[in-house]
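Asks: just coords:
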């Protein structure tokens, strides 16, 4: 019988403590606000200086970003690779290099997508004429001396390049060479092959890839000369 009143007193005490804490918090907040108001009245120039400082930081950050973007565009426009440089890359770095070459030539959305579950695509991009490119990369550390790329790799790319990735131009790029069956298969399926010779010319910066390949689909968007 004596325990129930004790429980009631405990609940009441908890409620009183919460109330006192809330009141105390409001008092402290009011005191801080009053102090801030008094400070601003005494030193009205301080908020102005703070606002100017914040604006200055924002402007400096925007300028820095703009300069970085400009520097990246300049770097991309001047991007060049020698075949020996490409040979020395890891296969993932080779995919990044192909992506960067597409960006250099105006494919601003070029992205490296190779990896587990890539469905045969390592790089995708949209060129300045609206064509979607789906590119598979086959790197050979030994270059021409490495194993030739055969038709099985092209069959995988052919099965996904258009149906899955919606590519207009489906390409396989290698720093090596292709087998004769691979060349025949690519011709029959309208696949584009970039071997070591074409890659060397492209990477040297002479012309964009679509000017080096034959039978590339026509532009999706009108050009300045049309």
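Replies: Okay, I see it. Model, not experiment: these values are computed from the prediction.
Asks: CA atoms for contacts and neighbours, from now on please.
Replies: Noted.
Asks: who's in contact with stretch 81-97?
Replies: For stretch 81-97, the surrounding residues in contact (Cα atoms under 8 Å, 6 or more residues apart in numbering) are 112, 114, 122-123, 137-143, 175, 196, 199-200, 203-204.
Asks: quick one: secondary structure of the nearest residue to residue 121 once chain neighbours are set aside?
Replies: Nearest residue to residue 121, sequence neighbours excluded (Cα to Cα, 6 or more residues apart in numbering): residue 136, at 4.9 Å. In three-state terms, and counting by DSSP: H, G, I helix; E, B strand; the rest coil, residue 136 is strand.
Asks: so residue 136 versus residue 182, what's the distance?
Replies: Going from residue 136 to residue 182 by Cα to Cα, to the nearest Å gives 14 Å.
Asks: would you mind telling me which of these two has the busier surroundings?
Replies: residue 136 (28 against 20; other Cα atoms under 10 Å).
Asks: you'd agree residue 186 is up against residue 152?
Replies: No: the pair residue 186 / residue 152 is not scored as a contact, 11.0 Å apart, by Cα atoms under 8 Å.
Asks: out of those two, which sits in the more crowded spot?
Replies: residue 186 (20 against 12).
Asks: am I right that that one is in a helix?
Replies: Yes: per three-state DSSP, residue 186 lies within a helix segment.
Asks: what's the distance between it and residue 156?
Replies: To residue 156, residue 186 is 12 Å away according to Cα to Cα.
Asks: which neighbours do the two share?
Replies: Common contact partners of residue 186 and residue 156 (Cα under 8 Å, 6+ apart): none.
Asks: ok, what's across the strand from the most centrally placed residue in the chain?
Replies: Centroid check for the chain by Cα atoms, centre = their mean gives residue 111 as the closest residue, at 5.8 Å. Following DSSP bridges, residue 111 is listed with bridge partners residue 124.
Asks: what sits against it?
Replies: Per Cα under 8 Å, 6+ apart, neighbours of residue 111: 99, 123-125.
Asks: how far out from the middle of the chain is the lengthiest helix in the chain?
Replies: Under DSSP state H, the helix in the chain containing the largest number of residues is helix 3-42. Put simply, helix 3-42 sits 51 Å off its chain's centre (Cα atoms, centre = their mean, to the nearest Å).
Asks: next: stretch 107-117.
Replies: 8 Å.
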